[in-house]
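Enquirer: Provided below are the primary sequence and the corresponding predicted coordinates.
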Amino acid sequence: MQIVVDPLTGPEIAALLRAHLDEMHRISPPESVHALDLDALRAPEVTFWSARDGDELLGCVALKQLGADHAEIKSMRTSARHQRRGVASALMGHLLEQAQRRGYRRLSLETGSQPEFGAARALYARFGFHACGPFAQYAADPYSVFMTRML
């Protein structure tokens, strides 16, 4: 598996992100969907990585800089064919390493509170994230769980 910065130009990454957004809108009310679209992921404060095995896309993750020492995890997604094969764990390990290299002291994230997000919450907890209050532009929302971790 190779994890590389992705230019967000390939059709396979567009399809994976479209599936991600579609699922978020299926599970959560529109005002509680905080997933970024392709244009938002191309912002200068966002770095986007994809995990691949040769030409096959396995998953993706993004890191959004919130401040000099704080960043947010965005767009964590494993392709349906590769779920439960360690892709998300590899992406998390890579993300944590990158965040430490950049000098961030804190990483935060927003995920869903619904049962469909249980595996994601468990993954984040395994990597040392714990519940916190809303951060950055977020407000309290019964459909959101906020988590953070010091680095």
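Expert: Noted; the coordinates are in hand.
Enquirer: residue contacts, residue 148?
Expert: By Cβ atoms under 8 Å, 6 or more residues apart in numbering, the contact list for residue 148 reads 106, 107, 108, 109, 129, 130, 132, 135. From N, CA and C alone the C-beta is placed, and that goes for glycine too.
Enquirer: hmm, the second one is touching residue 149, no?
Expert: Yes - counting by Cβ atoms under 8 Å, a contact exists between residue 107 and residue 149, whose distance comes to 5.2 Å.
Enquirer: most neighbours, which of the contacts of residue 148?
Expert: Within these, most neighbours by other Cβ atoms under 10 Å means residue 107, with 25 neighbours.
Enquirer: quick one: contacts for that residue?
Expert: Counting by Cβ under 8 Å, 6+ apart, residue 107 has contacts 70, 71, 72, 73, 95, 96, 99, 129, 148, 149, 151.
Enquirer: what does the model give it for pLDDT?
Expert: In this model, residue 107 is scored at 98, pLDDT.
Enquirer: what about it, is that helix, strand or coil?
Expert: Using DSSP: H, G, I helix; E, B strand; the rest coil, the structure places residue 107 in strand.
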